[in-house]
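> sequence? don't have it. structure:
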């Protein structure tokens, strides 16, 4: 559970207890105890959960809360239970004395853990404000109590203890706040809690003086805040901030701000102001005290001014030392000069006689000390990647620093080394910012020196000779008997063989390549063949093998050489990169499978080998159904992860020697070689289909992985191009057969595809020729058996094939876009029929007609206008039209679609979700989308009788729809038991063969005459 939720729950708990405390006065002692114990518990739990660096201050804070709770409990007991009228003073007041003591100790503990070094000015500021407030508290709270003759000495001491303790707590709080730095929520909550206690105690003391305070009043809210705020602060992860050391910012200069000036002015005016008020009242008994405190404030102000001047001078000295070091580093010419400048600068930055050691070294830190970071503020002021940090000497490889407990590590820059400073931890934290600046300047100086050395080297002739001698290529000179006479110094680095002189050439070559190597040497001496740019495997002295590229020159005729000159270069990484680039060129970057180029090449070789040897080779072309919808609905990230999952399943289900490839988008292919019989290939296709039919789980989403597979073999194809073309034809037939099917290419497969193309052409003619008819299926009230409406179902009257049901041509219409004119015709014809029914067989309320609308038709420009126009032309009221849409239309957050649906509903047209539960159902759109009706798919109704889970699911859908004020229509009711069960669940409407098969418009009149009576048409 997140800290925000825990804090919110704790706040709600306190608010509830506070409300109950005021609402039920007779039980207020119980609720007050719960409020106090809640604060104590929350403080202890937060300390245990977040484990701050120092826990004692938090425990002291919890103890102060517990003391206050104990005192309040005892006080409430003697008042409410023992019925003591005036219990002051009592043991409760003695317990209360521990509250400011423990609270002040906690605040001082936070201050000690937070303070780095001695900040005298912050202490003086706190003392100034504390002295002024103490004077006010003494004059107006303590002195009246001391002069009250009605109070005993014990009562006076008990009365003034709380204000005095509050002043001590206020002083500790001001000292803590004076440390500075950004304050997170936990610190602010602690401040609010302490101030609430101090203010409430003052109000309580004043109330006692005037005798108008009582338990259960609004003053108690202040103590509630004190109970709650520390606990809420402890529950925040930022509570660790209060015990983390806070270093001063780099370049920190103590300058008097406007706020500090106003504070000093206000403090200095406290004494004169009190004198003025007292003189106006004619009371001046405390003039000596006021004068003494005013003098003290003046002295503290003078000391504060002096401290500010000293801090400012110290800051100027540090900046001067850094400027001088920067100037000397600019003129430094050697690394020794840089080291001397760094040592001098560090000595000036540290106080005199401070034990320390500054070391410039390579970057040898093995690990950071997790709890040794410099502080919180350095995260904001130091550049990323270059922040200093504190580490223990055990984490370093610098023996000279082992005598220090902590070492400050300052990076000099990228790959430039490190500046280490060993000293007392307090000094290290104070100098973190200055050392970061010095390290940066040192890194630049070292980089400049290195660059100058390189330039000087490049300008000298000796540098070029050294460059040749230190080239990364290995140069070997071999005698006539193949013994090595000369080896360049780089041989030691590349081959890790310190001594090669006298060894034979083939000792550096892997035994597997030695025969080829000797043959290359013989060809070089004979002056024939290729002996440049040859790749061999060399064996290093440590046994490792490296790839080398070798050039051989026969220079036996050169008197200065007299032998074979071999140039070897390490190309291990280059060859690795080449292999990686080759792999990337031939493999899909997302799935790691072969791509189209590699698959086509392997298929060509396999087909050629099959034609030559008479082998059987097969190709599987695999396409994911609905992948585009998944991409649009769930995002491309989910789509990519689904493709990776499909690739993994294909690799698992296919044989190790088969080639699996991703050809593009959601299209995969598999090359199956060494097939003994076609049945074996068909079994593989079945396994692939079955493996991809299981749902995939991607980022918590369950995605159906149904795929279509087309199969072709070399029995019908001659080459790779024909294999892929035939597999593609078989894939189209598999798609037409339904989801999750596979088909192998055969002559009839080609014929089926041709038939599909002919059907597509005939569909275009049918649209223009008006070869469609509508049939209607009644939607009835399950309780009364009365007609509520009719669903319009389109049929295609083909001139030769007869009536074609919609499942055989709707997909074609979607693909070609013909669904738009077909849908418009269906809408016109259905509304005309509805107008005739309501006119010839009138009822109190018109029966509605339900029309299916595809996603493509709904998104087509002008759909809204066409619906309005057809409604106006037919004269049917909009309430009599129900548009059925599929869930796929709702998956995309298409603002235009949602706006169109809302506009239709405003005109009176109602919206229904067809086949609810069969797609990517989401309950979210049921709350937000403008819909009126849910139609439960027939598959749920069929299994309802024999499946308890299915019955529960249907009942849940009905109940959910009723909760959301949606009407439910159950589809596919064929048995009386279906009707009875649905009616008992509360499902109001249904349709199916139990009531009527789809009939033409003329037959509707007869159906209405025999059994259709007017029904409540609010569905």
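Here it is on my side, so go on. Model, not experiment: these values are computed from the prediction. Numbers count the residues shown, from 1 in each chain.
> use CA for all of it now, contacts and neighbours both
Noted.
> low-scoring pLDDT stretches of the stretch 351-500 of the chain, where are they?
Residues of the stretch 351-500 of the chain meeting the criterion pLDDT under 70: 362-387, 393-397, 414-416, 457-471.
> rerun that using 50 as the cut-off
Per-residue confidence for the stretch 351-500 of the chain (pLDDT under 50) gives these ranges: 363-385, 464.
> what about the strands in it?
Using DSSP state E, counting those that start in this stretch, the strands of the stretch 351-500 of the chain run over residues 357-361, 389-391, 406-411, 418-423, 474-478, 484-487.
> pick the most buried one from these.
strand 406-411 (a mean of 26; mean count of other CA atoms under 10 Å).
> among the strands of the stretch 351-500 of the chain, which is nearest residue 553?
In terms of CA to CA, the element of these nearest to residue 553 is strand 474-478, at 9.6 Å.
> which residues touch the closest one?
484-491, 494, 505, 561, 563-569 (CA atoms under 8 Å, 6 or more residues apart in numbering).
> out of those residues, which are buried?
Among the contacts of strand 474-478, those buried by neighbour count (16 or more other CA atoms under 10 Å) are 484-491, 494, 505, 561, 563-569.
> which ones are touching the residue positioned nearest the centre of the chain?
The centroid of the chain falls nearest to residue 699 when counting by CA atoms, centre = their mean (12.6 Å). When contacts are counted by CA under 8 Å, 6+ apart, residue 699 touches residue 638.
> ramachandran coordinates for it?
phi 50, psi 40 (degrees, to the nearest 10).
> rounded mean pLDDT for stretch 899-914, please.
Averaged across stretch 899-914, pLDDT comes to 86.
> could you do stretch 557-568 as well?
83.
> distance between the ends of it?
22 Å (CA to CA, to the nearest Å).
> any idea how far that stretch is from the middle of the chain?
Computed by CA atoms, centre = their mean, to the nearest Å, the separation of stretch 557-568 from the middle of its chain amounts to 64 Å.
> can you tell me what sits against it?
So stretch 557-568 is contacted by 473-480, 548-556 (CA under 8 Å, 6+ apart).
> now do stretch 579-586
594-598.
> okay, buried residues for it please.
For stretch 579-586, by 16+ other CA under 10 Å, it's 583, 586.
> need the helix or strand of this protein with the lowest average pLDDT.
The least trusted helix or strand in the chain, going by mean pLDDT, DSSP states H and E, turns out to be helix 378-381, with a mean of 33.
> so residue 228 sits against residue 194, correct?
No: the criterion here is CA atoms under 8 Å, and residue 228 misses it with residue 194 at 10.7 Å.
> now the buried members of the contacts of stretch 557-568.
By 16+ other CA under 10 Å, those give 473-479, 548-554, 556 as buried.
> what's the most distant pair in the residues you listed?
So, the buried ones among the contacts of stretch 557-568 by CA to CA: farthest apart are 548 and 556, at 23.7 Å.
> just give the nearest non-adjacent residue to residue 439, would you?
residue 412 (5.1 Å; CA to CA, 6 or more residues apart in numbering).
> how close does the one you found get to residue 435?
10 Å.
> circling back to that earlier point, what's the closest of the strands of the stretch 351-500 of the chain to residue 983?
Comparing those by CA to CA, strand 389-391 comes nearest, at 74.1 Å.
> output the contacting helices and strands for that closest one.
strand 406-411 (3 or more CA pairs under 8 Å, 6 or more residues apart in numbering; DSSP states H and E).
> what angle separates the strand it packs on from strand 418-423?
160 degrees (axes from the mean of the first three to the mean of the last three CA atoms, to 10 degrees).
> partner strands of strand 406-411 and their direction?
strand 389-391 (antiparallel), strand 418-423 (antiparallel) (DSSP bridges).
> for those strands, give me CSV that also has distance to residue 937.
Formatted as CSV, these follow (distance: least, CA to CA, whole Å):
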stretch, distance to residue 937
strand 389-391, 66
strand 418-423, 72
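> ok, which of those comes nearest residue 350?
Nearest of those (CA to CA): strand 418-423, 9.3 Å.
> and the angle from that closest one to strand 357-361?
Going by the same axes, to 10 degrees, strand 418-423 makes 160 degrees with strand 357-361.
> three-state assignment of the residue of the chain positioned farthest from its centre?
In the chain, the residue that sits farthest from the middle, by CA atoms, centre = their mean, is residue 559; the gap is 71.6 Å. Following DSSP: H, G, I helix; E, B strand; the rest coil, residue 559 is assigned to coil.
> in the protein, which ranges drop under the pLDDT threshold?
If you take pLDDT under 50 as the line, the chain has these spans: 249-256, 259, 363-385, 464, 1013-1019.
> how many neighbours does residue 535 have?
17 (other CA atoms under 10 Å).
> make that residue 1006, sorry
As a burial measure, residue 1006 scores 11 neighbours (other CA under 10 Å).
> buried residues, the host helix or strand of it. List them.
Element membership for residue 1006 (DSSP states H and E) is helix 1001-1010. For helix 1001-1010, the neighbour count (16+ other CA under 10 Å) marks 1001, 1004, 1007-1008 as buried.
> now render those residues as CSV, adding distance to residue 345.
Listed next are the buried residues of helix 1001-1010 as CSV, based on distance: CA to CA, whole Å:
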residue, distance to residue 345
1001, 102
1004, 103
1007, 105
1008, 105
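> excluding chain neighbours, what is closest to residue 593?
Nearest to residue 593 is residue 661, by CA to CA, 6+ apart, at 5.0 Å.
> that neighbour: how many residues sit nearby?
Based on other CA under 10 Å, the number of other residues close to residue 661 is 29.
> tell me which residues in the helix or strand where it lies are buried?
Under the criterion of DSSP H and E, residue 661 resides in strand 659-664. Under the neighbour-count criterion of 16+ other CA under 10 Å, strand 659-664 has 659-663 buried.
> ok, stretch 436-454 next?
Neighbour counts over stretch 436-454 (16+ other CA under 10 Å) mark 436-446, 448-449 as buried.
> now residue 62: how far from residue 18?
Residue 62 is 20 Å from residue 18, by CA to CA.
> these two - which one has more neighbours?
For residue 62 versus residue 18, neighbours defined as other CA under 10 Å are more numerous around residue 62 (27 against 19).
> name the SS class of the more buried one, please.
Once three-state DSSP is applied, residue 62 turns out helix.
> wait, it sits on residue 43?
Yes: contact status for residue 62 versus residue 43: in contact at 6.0 Å, counting by CA under 8 Å.
> which strands and helices sit next to the helix or strand where residue 649 lies?
For residue 649, the element it lies in under DSSP H and E is helix 636-653. Packed against helix 636-653 by the contact rule (3+ CA pairs under 8 Å, 6+ apart) you find helix 627-634, helix 678-693, strand 696-698.
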